[in-house]
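1. Provide a 3D model corresponding to the input given below.
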Amino acid sequence: MSPYRLFRFRNITLKTRLTVAVAIFFVLSLSLLYALASSVFESALEKLIVARQSSLIANVGNEIDQKVELRKNALIRLASDLGSDDISEQKIQGFLERYHSLDGLFDNLAVFDLQGDILANMDNPDTKGQLNISSRDYFHRAIKQKKITISKPLKSGLSGRPLVVVCVPVFDPSGKMLLVLVGTIELTQDSFLADLATAKIGEQGYFYVQTTEGVFVTHPDHRQILKNSRESPDKNQIPESAFNALEGSLTTNDNTKDEAILSYRRLKSVGWLIAGVFPTNEAFSIVAKVRREAVLLSLALLLTLLLLVWWFMYWQLAPLQKLRDKVNNGDTNFLLAQANKEYPRDEIGDLAKAFDDAMIKRRDAEAALSASEKKLRLIADNMSAFIAYVDYREQYTFVNKRIEHLFGLTAQQAIGKTIKQISTPEFYRHTKPYVTQVLNGEWTCFERRVERYGYWEWDRVTYVPDFNKSGQVDGFFVLVEDVTEFKRVQDDLTRSEKRVRTITDNVPAMIAYVDASERYQFCNRNYGQIPGLEPVHLIGKTVREVFGEQSYLELKDKMQRALHGEKVSFERYAPERNIKRFLQYEYVPDTNAEGATLGYYSMVIDITARKEAELKLAASEGLLRTIADNIPAFVSLIDSENRYQFVNRPYEAWFNLPLSEIRCQPVLALLSGAMQQEHHEHYKLAMAGEKTEFETEISVAGKTGHYHATYVPQYDGNGKVVGVNSLINDISDAKAVERQLLALARFDTLTGLPNRNQINERMEQASARSQRTGRLMAMMFLDVDKFKSINDTLGHHAGDLVLQEFASRLKHCIRQTDLAGRLAGDEFVIVLEGLNMHSEADMVASKIVQAMTTPFDIEGKPLMVTTSIGVAISSEHNSNAGEMLKKADEALYLAKKAGRNNFKVLQLE
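-> As a prediction, the model looks like this:
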């Protein structure tokens, strides 16, 4: 609206404006109500039409389903009759001709064998043997599914008319499939779908049927039948998205004619879709008539309302006119006069009171604004930065107290002065370009170095333009921050970066930083050692560009692992760019606080010399391996994780495993039995820096032997234990000799009985057991009566034979758990344990004396030998072995004194 027209509208009286506003509101409200009612009416009518049309479609669909089911049931019954009769192929034709009563349901009937050859034809018997349908889909489905099938709509090869084929398998009474009965139904048959093509919904509506593949089964336009809706759609075509639906309704529009209501439903018997189309211009014709009548009635109502509103507004606004006159004629104390005023209790009174309250609030708001400005001034004056506002004439209109530090002026002195007036000529000359830039509407920020009070300071200056509503610059805001400390830190950082660069350039390695896009962002000067490569030209290039495709493919997997946060270390031979050296790579990911990898640090070290040394070492190790494999001992190196890192060939026989399956395996997982525990103990000692040795039994190749193991700590260059060297020798032969020597040391060689050493040892053990269990024990000291005379008369050899026989009879007189031993010469000792009473010792002593009475056979000659026995019995509190032996010796003396060939018993106190 132009300003002139707006001015003329404002000159119209309020009554007129309100009347016009009410009229407009009425028209808008009535229009909205009319549109809403019309929409509701149309929606309800549409639902009614859709419901009626859906009901009609359902009835027509049910009728078609009944027709299809009637034909299916008739054909199934005929197939059942054909299968139950014992009929030959020659009689099938006659069987069919008896059912001409089905002509009203099928256009023709035929019978085929399972190979698809025709056997009988109701209407064309001469075709027998001339037709084969084995290639037809519906024939295959009937045989495969063993149930009735209906073909897709197709064109008859004889008549050229559209039809469908119904196939039913024929079974004999045992369930074996014999034949296939086929019935054809022309789609335009009067009793089938012909009447549907001419049926109408209203005057312009129609029906059509199509398959879920889009093929028209029937249509008012006969040219559409058997055509595919995807290629030749109906003008109100069922959408393809609804082909799999059971039923539905929608509104269609072909962009050339009126809309139509389309309802569709799936046929239960064949799965086809039947559709009904009803044009909306015919369906909603009643709505247009109702609309015309409503418009005429609304116009008459509007005219009447305008007259009533005009009169009512004049009557209601009379008090408002009086209020206006009062305001225009009021004195300067108008607001004070309203303090205790009473207002009418209506809208006009409320308006007058609201006006007065608004004026009072405005006065209060102005006072609050003044207080707020004072507070903002206080805040600005206490900020460490300089804040100001400069208008388009470069005059300061606002400054805070920080100006005193910058220019040596108070805020009152600076207001109204220009930048040039408060600055030195050099300062203004430096600042002027930035002022011009911000007054042209550009946001400006710069830094400057200024000497103040004998010190140099750095300022960061920001100019922000102030645009008015028309887009013109009225001035600009000024922010000056002291960044002297920041600059100092920045200079320190620069010097630190220079030191880091110096360090990295002098490290004997190629150091670089590669970002997430695989581009070099930093490299030290050692990259210049690569032929044809300048470090300065490396920045910004990718690894692929620098080292080529083949090298990039070798490094790609390692780089990706580093970019995924993994530390990567590897070695490789680098032939690219004529490097031809062995290099060691270290990739360390650069991760931010959120855990995201920004790139990785790369350190590449030339290890060619080390590699050559390793090759020499490998040759030396090969020689060492040959020597170790031929040593008749187990040689190994066990690392700090208790795993085999080196084993020689004999280990294969020990563990019955190849060396490759022994290396790097946990030692405890391969060892078993006592060796496992012994290894664990001595391995810990060796890892603690102590050389240790132990003996154990090991089964090798099914043979158990004695072995001596030596564990020696393995130290690195720093003196730290990093593993254990193990040497295990077979000492089975030495052990056998040791056992023989031990036997000689513990047994009497003449009698085979325990000697003095073993007697003393076992007597102490028996004494300890007696003390522990509280049971009695007995010790016997006995010798051979007049043994010296036997040696003197018969010789020492005969004496030895007597001692051997004497020892043999002793062993037969005691239990296996008792001890019988030879002390020396003809002196023997017997220890009896676990006695319940003294008489048990008496019985054994008597038994021994009796056993010796039988003559000894000495080299074929009988010899009478007797013995004297001294028996010592332990007491309840004393079973000391030494005291018992002494007490037994005393008893022996008493037995000899009593005439020999007897025993005497004494008990410890």
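2. Assign the residue lying closest to K611 once chain neighbours are set aside to one of the three secondary structure states.
-> Excluding the flanking residues, the one nearest K611 by Cβ to Cβ, 6 or more residues apart in numbering is F582, at 4.1 Å. The way it works is simple: take the backbone N, C-alpha and C, and place the C-beta from them, glycine included. What DSSP: H, G, I helix; E, B strand; the rest coil gives for F582 is strand.
3. Give the full set of residues in contact with F582.
-> Listed by Cβ atoms under 8 Å, 6 or more residues apart in numbering, the contact partners of F582 are 571-574, 606-608, 610-611.
4. again with F386
-> 399-400, 402-403, 405-406, 478-481 are the contacts of F386 under Cβ under 8 Å, 6+ apart.
5. same question, L819
-> So L819 contacts 754, 759, 762-763, 766, 829-831 (Cβ under 8 Å, 6+ apart).
6. so what pLDDT did it get?
-> Predicted confidence (pLDDT) for L819: 92.
7. begin at 119 from here
-> With the count now opening at 119, the last piece we talked about shows up as L937.
8. Break this structure down into its domains, please.
-> Domain assignment for the chain, taken from automatic domain parsing, gives 203-304, 499-606, 625-724, 748-854, 865-1025.
9. And these: which comes nearest K353?
-> K353 lies closest to domain 203-304 among those, at 20.7 Å (Cβ to Cβ).
10. Buried ones among the contacts of F700?
-> Buried members of the contacts of F700, scored by 16 or more other Cβ atoms under 10 Å, are 692, 724, 729.
11. Take the contacts of L937 and lay them out in TSV including neighbour count, pLDDT and secondary structure.
-> Output for the contacts of L937, formatted as TSV (neighbours: other Cβ atoms under 10 Å; pLDDT from 0 to 100; DSSP: H, G, I helix; E, B strand; the rest coil):
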residue	neighbour count	pLDDT	secondary structure
P872	21	92	strand
I877	24	89	helix
R880	18	89	helix
M881	21	90	helix
A884	23	90	helix
V947	23	96	strand
I948	25	95	strand
V949	26	94	strand
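12. Cross the contacts of F504 against strands and list the overlap.
-> 517, 596-599 (DSSP state E).
13. In PyMOL, select just the buried ones from the contacts of F504.
-> Here is the PyMOL command that picks out the buried ones among the contacts of F504, judged by 16+ other Cβ under 10 Å:
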select buried, resi 517+518+520+521+524+596+598+599
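14. sorry, back to before: in TSV: the ones in strands among the contacts of F504, plus distance to G835 and pLDDT.
-> What follows is the ones in strands among the contacts of F504, written out as TSV (distance: Cβ to Cβ, whole Å; pLDDT from 0 to 100):
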residue	distance to G835	pLDDT
V517	72	88
V596	67	90
L597	62	90
V598	62	89
E599	57	88
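15. Among the residues you listed, find me the one that's closest to S888.
-> E599 (101.3 Å).
16. hang on, the earlier thing: adding distance to R384, write the domains of the chain out as a markdown table.
-> Shown next, in a markdown table, are these (distance: least, Cβ to Cβ, whole Å):
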| stretch | distance to R384 |
| --- | --- |
| domain 203-304 | 14 |
| domain 499-606 | 66 |
| domain 625-724 | 55 |
| domain 748-854 | 69 |
| domain 865-1025 | 99 |
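17. before we move on, the earlier item: how close does the residue nearest to K729 get to D675?
-> Shown here: F700 relative to D675, a distance of 19 Å by Cβ to Cβ, to the nearest Å.
18. Assign a three-state SS to the closest residue to L597 other than its chain neighbours, would you?
-> In space, L597 comes closest to T580 once its chain neighbours are excluded; the distance is 4.4 Å by Cβ to Cβ, 6+ apart. Secondary structure, three-state DSSP: T580 is strand.
19. so who does T580 touch?
-> Here T580 is in contact with 562-563, 596-599 (criterion: Cβ under 8 Å, 6+ apart).
20. now swap in S269 and tell me
-> Taking Cβ under 8 Å, 6+ apart, one finds 254-256, 282-285 in contact with S269.
21. try 6 Å this time
-> Counting by Cβ atoms under 6 Å, 6 or more residues apart in numbering, S269 makes contact with 256, 282-283.
22. What is the nearest of the contacts of F700 to L174?
-> If you rank the contacts of F700 by distance to L174 using Cβ to Cβ, R690 comes first, at 82.0 Å.
23. what's the nearest residue to the closest one if we skip its chain neighbours?
-> Closest residue to R690 apart from its sequence neighbours, by Cβ to Cβ, 6+ apart: L701 at 6.2 Å.
24. Tell me, what's the model's pLDDT at that neighbour?
-> Confidence score, pLDDT, at L701: 87.
25. Not counting sequence-adjacent ones, nearest residue to D960?
-> V1023 is the one closest to D960 (Cβ to Cβ, 6+ apart), at 6.4 Å.
26. Need the contact partners of stretch 914-921.
-> 868-869, 908-909, 974, 976.
27. what do you get if the cut-off is 8 Å, keeping everything else the same?
-> 868-869, 902, 905, 908-909, 940, 944, 974, 976-977, 981, 983.
28. want to throw these into TSV with neighbour count, secondary structure and distance to A238?
-> Conversion of the contacts of stretch 914-921 to TSV gives the following (neighbours: other Cβ atoms under 10 Å; DSSP: H, G, I helix; E, B strand; the rest coil; distance: Cβ to Cβ, whole Å):
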residue	neighbour count	secondary structure	distance to A238
L868	14	coil	123
T869	21	coil	120
V902	20	strand	130
F905	18	helix	133
I908	22	helix	134
N909	17	helix	135
R940	24	strand	123
D944	20	coil	130
F974	18	strand	126
I976	18	strand	128
E977	9	coil	127
L981	15	strand	130
V983	20	coil	129
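29. Just flag the most distant two among those.
-> For those, and using Cβ to Cβ, no pair is farther apart than R940 and E977, which are 21.6 Å apart.
30. one step back: okay, now the residue nearest to D960: neighbour count?
-> Applying other Cβ atoms under 10 Å, we find 21 residues neighbouring V1023.
31. How about the contacts made by it?
-> 956, 959-960, 963, 989-991, 1009.
32. Please, a ChimeraX command that selects the buried ones among those?
-> Buried members of the contacts of V1023, defined by 16+ other Cβ under 10 Å, are picked up in ChimeraX with:
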select :959,963,989,990,991,1009
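33. pLDDT averaged over stretch 734-754 - what is it?
-> Taken as a whole, stretch 734-754 has an average pLDDT of 73.
34. for stretch 233-247, same thing?
-> Mean predicted confidence for stretch 233-247 is 85.
35. ok, W561 to F594 distance?
-> Distance from W561 to F594, by Cβ to Cβ: 9 Å.
36. Brilliant, that's me finished.
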